[in-house]
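Colleague: Provide a 3D model corresponding to the input given below.
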Amino acid sequence: MEIFGWIIVALIVGIPLWGILLYNNLVGLKNQVKNAWRQIDVQLKRRHDLIPNLVEVVKDYMSYEQETLEKVIQARNQAVSASTPETAIAAEGLLTGAMGKLFALMENYPDLKANENVSRLMEELSATENKISFSRQFYNDSAMALNNGVESFPSNIVAGMFGFKQATYFEVPEAETATPAVDLR
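Modeller: You can find the predicted model right below:
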């Protein structure tokens, strides 16, 4: 009877302790996702701050491309006003597409490419894009860890009881995944 009593005590103490450990792990994973998003947010703010400067410098050279410049500013404003990671991810995809069109058009303006201000801004934007890429990778790794915890047994039981939700991945817009065409003629 003594062993049976110890087993009962171990279960009474062990099961709640185990639940607490699972809960704390899920909280840690959720906070890691939030932190990872904040790191992306810092880089996106830097990107958003650089874009109006680039558009301002470029618009004198690209007088015939006002529609493209307006779309860049519109996409930037939409990205700035995004209030959740989900809306920001969608808005950033649109901004990336608009910026891609702007960069493609800029190739047609040799004087513009030679401009020191444009060159400096492009360099800063390129460095910021690299930082966004690294931050996005960390965010997606954190989201995967949380999602695994939310979906895996037995932590899915604790996740369901306390309302833990899966994180949204920061996916690369299709425009960025396309293989660039190279003409070597």
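Colleague: check contacts around the closest residue in space to residue 112 that isn't next to it in sequence.
Modeller: Ranked by C-beta to C-beta, 6 or more residues apart in numbering and with sequence neighbours excluded, the top spatial neighbour of residue 112 is residue 61, at 4.3 Å. (Glycine included, C-beta is placed from N, CA and C.) The contact partners of residue 61, by C-beta atoms under 8 Å, 6 or more residues apart in numbering, come to 109, 111, 112, 115.
Colleague: Give me the local confidence score for residue 61.
Modeller: Looking at residue 61, its pLDDT reads 79.
Colleague: Helix, strand, or coil at residue 165?
Modeller: What DSSP: H, G, I helix; E, B strand; the rest coil gives for residue 165 is coil.
Colleague: burial measure for it, as a count.
Modeller: Residue crowding around residue 165 was assessed by other C-beta atoms under 10 Å; the count is 10.
Colleague: And residue 33, by the same measure?
Modeller: Neighbour tally, residue 33, other C-beta under 10 Å: 24.
Colleague: just to revisit the earlier point, and the contacts of residue 61, which are buried?
Modeller: For the contacts of residue 61, a neighbour count by 16 or more other C-beta atoms under 10 Å gives the buried set as 112, 115.
Colleague: mind showing which ranges of this structure have poor pLDDT?
Modeller: Residue ranges of the chain with pLDDT under 70: 1, 172-185.
Colleague: how about 80 then?
Modeller: 1, 60-64, 113-114, 172-185 (pLDDT under 80).
Colleague: Which stretches in it count as helices?
Modeller: For the chain, the helices defined by DSSP state H occupy 2-59, 66-80, 85-106, 110-114, 116-151, 155-162, 174-177.
Colleague: The residue nearest to residue 112 and residue 157: what is the separation?
Modeller: 61 Å (C-beta to C-beta, to the nearest Å).
Colleague: Any idea how many residues pack against the nearest residue to residue 136 once chain neighbours are set aside?
Modeller: Closest residue in space to residue 136, ignoring its immediate chain neighbours: residue 170 at 4.7 Å, by C-beta to C-beta, 6+ apart. By the measure other C-beta under 10 Å, the count of residues near residue 170 is 22.
Colleague: Residue 162 too?
Modeller: 12.
Colleague: likewise residue 171?
Modeller: When neighbours are counted by other C-beta under 10 Å, residue 171 comes out with 13.
Colleague: so what's it up against?
Modeller: residue 89.
Colleague: What residues does residue 122 make contact with?
Modeller: Here residue 122 is in contact with residue 54 (C-beta under 8 Å, 6+ apart).
Colleague: Can you tell me how far residue 168 is from residue 118?
Modeller: With the distance defined as C-beta to C-beta, residue 168 ends up 35 Å from residue 118.
Colleague: got the contact list for stretch 88-108?
Modeller: Residues from elsewhere that reach stretch 88-108 (C-beta under 8 Å, 6+ apart): 41, 44, 47, 51, 54-55, 58, 62, 65, 68-69, 71-72, 74-76, 78-79, 81-82, 112-113, 118, 125, 168, 170-171, 173, 175-176.
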